[in-house]
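> sequence first, predicted model second:
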Amino acid sequence: MEQVIGVIGGSGVYDLSGLEGAEWLTVETPWGEPSDQLLTGRLDGLRLVFLPRHGRGHVHSPATVNYRANIDALKRLGVTDVIAVSACGSFREDMAPGDFVFVDQFIDRTTGRASSFFGTGCVAHVSLAHPTCARLSAACATAAEAAGVRVHRGGTYLAMEGPQFSTLAESRLYREVWGCDVIGMTNMPEAKLAREAELCYAPVAMVTDYDCWHPGHAAVQVTDILRVLGANADAARRMLRGLPARLGQRPDPCPEGCDRALETALITAPDRRDAGLLARLDAVAGRVLR
Ligand SMILES: CSC[C@H]1O[C@H](OP(=O)(O)O)[C@H](O)[C@@H]1O
Ligand SMILES: Nc1ncnc2[nH]cnc12
């Protein structure tokens, strides 16, 4: 299968210049509208599909991003590997603004977001023990280092509901009791849905602030984040430009098992499956349902 890289751009990353044959495409999905059109093109021969998570102009809030439509649209365009670029707050002194954290674990504190493609009429339980793709993440981390970024391989991302930032008590709980490393508002349910769609998923958490726990820094505000975001976005673009050389041939199947996640997950008896839901699942799960 041809390797196709999907890049989800977070806050501050709304476009990707330098793609050969660049074209913005409108993609319809059975889950509603994705955040925006998707930009397709090639980077040194590698096929790439870019989607700004909040839409161009940042119109969707973390709770109203249509994560299911976004993942479905990427899958529909043939994406095999998703790189999720996000701004985040840091709970660690040594994970400083400008650093990239290659997150490998999550604690999900989001509420009320549609977090599964499955449900009544077709039930599936995928494993999330290792919610990211170590192979894809390592390639991104190496490309980021080569781009001059300070990199942390591994880290736990607390996904909060937002849109308000955390209270001091929450920030201390996540940092001191739960041992989280970074915080953001969007990687869940995105990571869960990517796993259900059998996509490799590598989060790139770009630190913009110390949230509100750090005695030496004022509590985070959007204006502070925006000040750091520009440089982080430039570094993310440099990382992506170096990626084709570092990815090599995609092993088929992925040694991490991401592209076979549904093979052990379906539980609804074939004769009890709902035809309407099966039709909606065609792009993300057709491989195992057809
Ligand atoms: C702009 S401050 C808060 C906002 O930034 C992060 O977005 P993303 O993860 O898409 O880069 C954070 O999760 C919040 O949505
Ligand atoms: N401190 C923070 N909390 C939640 N989301 C963020 N995105 C960037 N910084 C953040």
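Sure thing, it's come through. Ligands and ions are numbered 1, 2, ... in the order given.
> find the closest residue to ligand 1 in the chain.
Nearest to ligand 1 in the chain, going by Cβ to the nearest ligand atom, is Gly10, at a distance of 2.3 Å. Using the backbone N, CA and C atoms, a C-beta is placed for each residue, glycine as well.
> interface residues of the stretch 151-290 of the chain facing ligand 1?
Residues of the stretch 151-290 of the chain lying near ligand 1 by Cβ under 6 Å from any ligand atom: 184-186, 222, 225.
> go again using 5 Å as the cut-off
Counting by Cβ under 5 Å from any ligand atom, the residues of the stretch 151-290 of the chain close to ligand 1 are 184-186, 225.
> lowest pLDDT pick from those?
The member of these with the lowest pLDDT is Ile225, at 94.
> so it sits against Ser11, correct?
Yes: using Cβ atoms under 8 Å, Ile225 is in contact with Ser11, at 7.0 Å.
> which of these two has more neighbours?
Ser11 (25 against 19; other Cβ atoms under 10 Å).
> so who does the more buried one touch?
54, 58, 86-87, 225, 229 (Cβ atoms under 8 Å, 6 or more residues apart in numbering).
> and if you look at Ser116?
124, 189, 192-193, 196.
> contacts with ligand 2 among these, please.
Counting by Cβ under 5 Å from any ligand atom, no member of the contacts of Ser116 is near ligand 2.
> got the residues of the stretch 151-290 of the chain next to ligand 1 as JSON lines, with distance to Arg272 and secondary structure columns?
Below are those laid out as JSON lines (distance: Cβ to Cβ, whole Å; DSSP: H, G, I helix; E, B strand; the rest coil):
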{"residue": "Gly184", "distance to Arg272": "38", "secondary structure": "strand"}
{"residue": "Met185", "distance to Arg272": "37", "secondary structure": "coil"}
{"residue": "Thr186", "distance to Arg272": "35", "secondary structure": "coil"}
{"residue": "Ile225", "distance to Arg272": "48", "secondary structure": "helix"}
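> quick one: the strands in the stretch 1-150 of the chain?
4-9, 20-25, 38-43, 46-52, 81-90, 100-102, 105-109 (DSSP state E, counting those that start in this stretch).
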